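Undergrad: Provide a 3D model corresponding to the input given below.
(chains A and B)
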2 protein chains.
Amino acid sequence: MQLKKFLPILEWLPAYKTEDLKGDLAAGLTVGVMLIPQGMAYAMIAGLPPIYGLYASTIPLIIYSLFGTSRQLAVGPVAMVSLLTAAGIGAIAEGGTETYIALAITLALFVGLIQFLLGAFRLGFLVNFLSHPVISGFTSAAALIIGLSQLKHLLGVNIPRSHHIHEILIGAVERFGEINWATFLIGLGGIALIMGIKRINRAIPGPLLAVIFGILAVWGLGLTGQGVKIVGEVPKGLPSFGIPSLNMESFSALLPAALAIALVSFMESIAVAKAIQAKHKNYKVDANQELIGLGLANIGGSFFQSYPVTGGFSRTAVNDQAGARTGLAAIISAVLIALTLLFLTGLFYYLPNAILASVIMVAVFGLIDIKEAVHLWHADRSDFWMLIVTFIGTLALGIEQGILIGVVLSIAIIIFRTTMPHFAVLGKIPGKPHYKNITRFDDLEVRDDILIMRFDARLYFANVNYFKEKMEEEIARKGKKLKLLILDANSINGLDSSGMHALEEIIDFCHAQGIEFDLASVKGPVRDILVRGGLIDKIGEDNFFMRVQHAVDSFDEKGKERYEKYVLQTNE
Amino acid sequence: MQLKKFLPILEWLPAYKTEDLKGDLAAGLTVGVMLIPQGMAYAMIAGLPPIYGLYASTIPLIIYSLFGTSRQLAVGPVAMVSLLTAAGIGAIAEGGTETYIALAITLALFVGLIQFLLGAFRLGFLVNFLSHPVISGFTSAAALIIGLSQLKHLLGVNIPRSHHIHEILIGAVERFGEINWATFLIGLGGIALIMGIKRINRAIPGPLLAVIFGILAVWGLGLTGQGVKIVGEVPKGLPSFGIPSLNMESFSALLPAALAIALVSFMESIAVAKAIQAKHKNYKVDANQELIGLGLANIGGSFFQSYPVTGGFSRTAVNDQAGARTGLAAIISAVLIALTLLFLTGLFYYLPNAILASVIMVAVFGLIDIKEAVHLWHADRSDFWMLIVTFIGTLALGIEQGILIGVVLSIAIIIFRTTMPHFAVLGKIPGKPHYKNITRFDDLEVRDDILIMRFDARLYFANVNYFKEKMEEEIARKGKKLKLLILDANSINGLDSSGMHALEEIIDFCHAQGIEFDLASVKGPVRDILVRGGLIDKIGEDNFFMRVQHAVDSFDEKGKERYEKYVLQTNE
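TA: The predicted structure follows:
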């Protein structure tokens, strides 16, 4: 049982049926064919030679199929992680050099270790702090940066590497005269081909056709003579085993990038894994086991020349549509890539970089999400601004900083909101035992001798002063006739020691003025806290009521009793 | 009206009555007499010559009485702020030097500016983030550091300056042989005197008697010959006007300390001001105006050789007990100090440092709060740990860092708690229209066809995954008989776009399985958000109910209608 949890392959492999094979084979081959151009293109985003994209499409896929809980997730190089890799390593090494490549592989190891540890310590929930608007803003900005970073390959000019879009655009405009028109035309052809095929039939692998078109064009027309840059010699053979280079210096230099990649890549992966699982329902996706699976895929990959990988959106969707039933599909994809590495690398000699650029551009510009921004503008203005700030932060300061700003801002806004939470003075609906906010509803009955307040937040250090202030204000407004304060606690979801302290002060404040203090609708967990803190004795067990109406009834009864006992008897 | 808000003195001065004068005079003189030894002692904590404590007890008091809202608050040098000053400047200048003094005065300017700006921008709520356990842990640790920092004066040995208690203690033990016994005896005498008098009658100014005892002992017995360190020449005259030295370098070096002092000192001040105001009730304390008042007191003071000041706990209590009615008491205290500066500084020549150390030690060791820690251990375990971590953090890393750790930890715990909030499946109390948590109460009625869930938290990005997961789990547990899901939203205090998205997904999830989705007890603000986000149409106006019971009744009625319409009619 425990073993099956750690090795989900033991769930499906023993129960494997021959009818599953058809789907797995079709899906595995389709995804494999997709992976060839995508892997090479994404490696280019990461600043690596194209072959490393193929290396990253072998071992990690197989490891994930052993340890991952999703049966359709297509692991491998993806655009976002490739860009994060480039951003992380670009600052400390020159693109394409031996050091750069070694660092990219070490980065995969770190990413894997972080993911594995997060999973092992059940910290998968951390990913929840990447809110939807933050991801949307960040993804759109990253897509823009990724897309524009390919402009130099598309135009065949030498624009200096930069993560600032204005620098890239200015660089492109300045070098307008140097554009290699043969390169540009091939690139535009690639884009037209991919987008056209997408419209006609999504099942046809447009990027692969673009690759074939590009190779044939360059080879047939002898365009290398025109200065069209090509992939050139691609080394034959499987990725070789090697221990990733490791030292304290690289550790601290790579740590921020590793953390960002670990979280962002997990985020992308778990989102698509859950979406696909929701369709199938014959297995469960477990967030922490996913972290372990992706972590081991990255760790294992790093010993076989792989840079960071994760589960990708588009390939997973294709894998599922093509009929993948189990992780065997991924293994088949990996085998196809391995065969390509062994026998077919020679075919890619004439592949123009512009074609890989066109593959990337079509993929990432689809990720720019303007609709979401428009929707948030109407639905939730502060989430809209979160999206915009993250978007601009990512463009202006870089990807990791952009994410960080978004996350910090999200948390700050939540905290800020709970410092001055909504509260309401309640009045009775005539003829019914229910109470509502007097500022929202008309015709509510409000008594001079009873003040009923509802406070809509967890009562904790950051809002206790506000709570006390508002309570005292409302008590003062009622004036001398006030005899009973009822705190409707139904939306007080928690209480810390500061909250208890504040409650105590309010009770003392009431009692000092001869006002009775009752609590209504106290939640179980809050009652537990009041008991532990000894506050229950101060309030008095008799002053807890299930509903506001009960407190009012009890108060009135007591009044009647008092009347009968003291007033009537003395009159007799 | 506006002017009175900004200059609260205009409230009380025009209405000043002669009977107020008696109390103000008595209180002003008492506090003034206290201020002489305390001011000099606290200046010593701050690493400044004692006279600067008297300087800081003049101008700032007068300015606060013009702008401050509290009428009993006794502003001036306090132990905590003095220690923060020493910690902040000690790192960048040698104690007691001209540069050090100049920086302390500049620090007062920065603290004042920060407080003034916070007040002007109504940001006083920021202080709420210093939770009670954090302050308690931090105060105890600071008291320990302050107290031990005086050990060298008490023992008359030269222990190197340090904020690490183990270094101070080791330093003291290593220099055991060098102890100046005459100094030590005078110091012990001072401590015994102050503590003894405190027990007998709190109205007698023990520290002042200790000062007189110390001066007489040193002068009478000629103890300077025994190596007893004395205050020595104290310059005569009022603090002189001068513009605080200011440059970018000092600004960035002093900023962290200035921020910490601005917040901590405001915190101490507002707490005592509110406590005293609660007794009097003839005026109001306004947090933002307090920031403005303290800010101007520090800014103004910095032009007259004052280091950072704030409202102190003990002196304010004495001021109030001695009968202070208005800010005039503080003005009288300031005048007394001014007269002392003009005519009496010569008296302090023989004052031994050990006596000032004894004043400090008695004052601060009283601040170490073990009872609070014990209380929290029982009442709120996580707040207990917050206190301990802040305490240890402050001792191990320093005061500002300790506060920062405490604040970050407090926020992290709150955020963490809301990521996995409490939720409940509800059952009906037999015979009543009320619903409670089935895991907490027995004998509740639970129907197979209806699932009622309550989720006790604001629904936002950090907990939407948990929310969806738990909802889906409970839906799955109910199985095929489930026909209606009621979400009791009475404790959902807010909703962001991620929350709306999650709600939408749950609704789709229900509808896809033929389950009706109803919402009960939705709060006004949440309903507003649902309307803005367009979710109200998806849920359907008909599926909003004021109470859970209404949703159940409506469902049963619909069932009956259906039965009457379809089953009965077809049977006829």
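Undergrad: quick one: residue A:371 from residue A:113, how far?
TA: According to Cβ to Cβ, to the nearest Å, residue A:371 and residue A:113 sit 37 Å apart. All C-beta atoms are positioned from the backbone trio N, CA, C, and that covers glycine.
Undergrad: so for these two, which residue has more residues nearby?
TA: Shown here are residue A:371 and residue A:113; by other Cβ atoms under 10 Å in any protein chain shown, residue A:113 has more neighbours (17 against 9).
Undergrad: give me the number of residues near the residue lying closest to that one once chain neighbours are set aside?
TA: Excluding the flanking residues, the one nearest residue A:113 by Cβ to Cβ, 6 or more residues apart in numbering or on different chains is residue A:299, at 6.4 Å. Applying other Cβ under 10 Å, we find 21 residues neighbouring residue A:299.
Undergrad: residue A:299 belongs to a helix?
TA: Yes. Applying DSSP: H, G, I helix; E, B strand; the rest coil, one finds residue A:299 inside a helix.
Undergrad: how about the residues of the stretch 201-350 of chain A by chain B?
TA: With Cβ under 8 Å from any Cβ of the partner chain as the criterion, the stretch 201-350 of chain A meets chain B at residues residue A:287.
Undergrad: how does it look with 10 Å?
TA: Within the stretch 201-350 of chain A, the residues that sit near chain B (Cβ under 10 Å from any Cβ of the partner chain) are A:270, A:274, A:278, A:281, A:287.
Undergrad: and the second one, how close does it get to residue A:371?
TA: Here the distance between residue A:274 and residue A:371 works out to 22 Å (Cβ to Cβ).
Undergrad: same check on residue A:462?
TA: 35 Å.
Undergrad: likewise residue A:108?
TA: Where residue A:371 is concerned, residue A:108 sits at a distance of 34 Å (Cβ to Cβ).
Undergrad: burial count for the residue of the stretch 1-150 of chain A found nearest chain B?
TA: For the stretch 1-150 of chain A and chain B, the shortest gap (Cβ to the nearest Cβ) falls at residue A:131, measuring 3.2 Å. Using other Cβ under 10 Å, residue A:131 has 28 other residues around it.
Undergrad: for it, phi and psi?
TA: When read as degrees, to the nearest 10, the backbone of residue A:131 gives phi -80, psi 160.
Undergrad: helix/strand/coil for the closest residue in space to it that isn't next to it in sequence?
TA: Spatial nearest neighbour of residue A:131, chain neighbours left out: residue B:461 (3.2 Å); criterion: Cβ to Cβ, 6+ apart. Secondary structure, three-state DSSP: residue B:461 is coil.
Undergrad: just confirm residue B:461 contacts residue B:499, I think it does.
TA: Yes. Applying Cβ atoms under 10 Å, one finds residue B:461 in contact with residue B:499, separated by 7.6 Å.
Undergrad: who touches both of the two?
TA: Shared contacts of residue B:461 and residue B:499, defined by Cβ atoms under 10 Å, 6 or more residues apart in numbering or on different chains, are found at A:131, A:132, A:383.
Undergrad: which single one of the residues you listed is nearest to residue B:516?
TA: Comparing those against residue B:516 with Cβ to Cβ places residue A:132 closest, at 26.8 Å.
Undergrad: the residue nearest to residue A:306 when sequence neighbours are not counted: neighbouring residues, count only.
TA: The shortest distance from residue A:306 to any non-neighbouring residue, by Cβ to Cβ, 6+ apart, is to residue A:56 (4.2 Å). For residue A:56, the neighbour count with other Cβ under 10 Å is 37.
Undergrad: surely residue A:56 touches residue A:108?
TA: Yes. Between residue A:56 and residue A:108 there is a contact under Cβ under 10 Å: 8.0 Å.
Undergrad: joint contacts of the two?
TA: Contacts common to residue A:56 and residue A:108, judged by Cβ under 10 Å, 6+ apart, are A:81, A:297, A:298, A:301, A:302, A:304, A:305, A:306, A:307, A:308, A:309.
Undergrad: what two of those residues are the furthest from one another?
TA: A:81 and A:304 (17.3 Å).
Undergrad: which one of those two is surrounded by more residues?
TA: More neighbours surround residue A:81 than the other of residue A:81 and residue A:304, with 30 against 19 (other Cβ under 10 Å).
Undergrad: determine the set of other helices and strands touching the helix or strand encompassing that one.
TA: Using DSSP states H and E, residue A:81 falls within helix A:79-90. For helix A:79-90, the elements it packs on are helix A:18-45, helix A:98-120, helix A:132-149, helix A:248-280, helix A:313-321, helix A:353-365, helix A:399-419, judged by 3 or more Cβ pairs under 10 Å, 6 or more residues apart in numbering or on different chains; DSSP states H and E.
Undergrad: distance from the shortest one to the middle of the chain?
TA: So the one you mean is helix A:313-321. Averaged C-alpha coordinates place helix A:313-321 at 19 Å from its chain's average position (Cα atoms, centre = their mean, to the nearest Å).
Undergrad: cool, and stretch A:298-317?
TA: On Cα atoms, centre = their mean, the centre of stretch A:298-317 falls 18 Å from that of its chain.
Undergrad: for the stretch 151-300 of chain A, which segments count as helices?
TA: Along the stretch 151-300 of chain A, counting by DSSP state H, counting those that start in this stretch, helices occupy A:151-155, A:165-174, A:181-200, A:206-221, A:248-280, A:287-302.
Undergrad: could you list the buried residues of the helix or strand where residue A:452 lies?
TA: Residue A:452 is part of strand A:450-455, with elements assigned from DSSP H and E. For strand A:450-455, the buried set under the neighbour-count rule, 16 or more other Cβ atoms under 10 Å in any protein chain shown, comprises A:450, A:451, A:452, A:453, A:454, A:455.
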